[in-house]
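# turn this into a model:
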Amino acid sequence: MAVRLLQRVNGVFDLAIALEMRTSANPCTGVKKLLGPQNARVTPRRALPHDEAPQMFHRLSNLDTPQAACLALIMLTAVRSEEARGGRWTEVDWEAGFWTIPTERMKKRRPHTVILSRQAVTLLLKVKAMGWHQDRMFPGARPAAPISGTSLRDLTKQLGVSGDTDVHGLRSTFATWAEEQGKWDSKVRELCLAHLHGSAVERAYHRSQRVDEREELMQAWADFICPPSADGEG
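Got it, this is the predicted structure:
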């Protein structure tokens, strides 16, 4: 908190000096050293209990907004908020059932191929049919820009499902459920979450050789939060 406040005050003085509104030196210079080491408090992401995930997904399915559709896609695919919000139609391989998120939108700056379950494909086809934007999956108030992260956080609060659930925490919901099933090892789960482990050669091997297991895992998760209906659709 103290460092953040110092940064803001420092910026004010720097601007004043640049505009020649102050002629003496910036009084904030060197103050950071006097503060000493700051203990960063890490707040854990608030995950939705996985037994509540089907209820939340059902509520999202009854809303026809870009925010609801984006949050539903995040639940189905376990991607990060910014990766989903920036989604473009050209990234989807409909025939293969893959969605490849490019390097510039990935946290680790490596492209990530998302395995799309049947429910995820159905959702994306529905979104595309809505015609919100010819390029962006989830356009914001200004069509050239995607929806904001704030709008997704606001929606989770409005839904009232474990009211303090964090959007990013939905990835933890998936991870916890997958681990508890005891069927898929950690490497398969981590690949689905785009977590990097091992050497470049090992990562390339697992990406290419474990697609079937990833497909099985993502389909099982989709069937859990959005059970197939009697007519065979999710």
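
# residue ranges in this structure under the pLDDT threshold?
With pLDDT under 70 as the threshold, the chain has low-confidence stretches at 1-20, 28, 30-45, 108, 160-165, 196-209, 230-234.

# that one - how does it break down into domains?
2-35, 50-225 (automatic domain parsing).

# any idea which of those domains is most buried?
Mean neighbour counts were taken over the domains of the chain using mean count of other CB atoms under 10 Å, and the top value, a mean of 17, falls to domain 50-225. To be clear about C-beta, it is placed using only N, CA and C from the backbone, and glycine gets the same treatment.

# how far does that one sit from the chain's center?
Distance of domain 50-225 from its chain centroid, counting by CA atoms, centre = their mean, to the nearest Å, is 7 Å.

# contact partners for the spatially most central residue of the chain?
In the chain, the residue lying closest to the centroid (CA atoms, centre = their mean) is R80, at 1.5 Å. Listed by CB atoms under 8 Å, 6 or more residues apart in numbering, the contact partners of R80 are I74, K107, H168, R171, A194.

# checking the residue nearest to R210 when sequence neighbours are not counted next. Helix, strand or coil?
Sequence neighbours aside, V188 is the residue nearest to R210 in space, at 5.7 Å (criterion: CB to CB, 6 or more residues apart in numbering). Under DSSP: H, G, I helix; E, B strand; the rest coil, V188 falls in the helix class.

# so that it lines up with my notes, have the first residue be 40 from now on.
New numbering, starting at 40: the last item is V227.

# so T215 versus R124, what's the distance?
To R124, T215 is 24 Å away according to CB to CB, to the nearest Å.

# should've said K146
K146 is 13 Å from R124, where distance means CB to CB.

# ok so, going back, just flag the most distant two among the contacts of R119.
Distance extremes for the contacts of R119: the farthest pair is I113 and K146 at 14.2 Å, using CB to CB.

# just the strands from this protein, written as ranges.
Ranges of strands within the chain are 131-132, 137-140, 151-154, based on DSSP state E.

# packing partners of the second one?
Counting contacts by 3 or more CB pairs under 8 Å, 6 or more residues apart in numbering; DSSP states H and E, strand 137-140 is packed against strand 131-132, strand 151-154.
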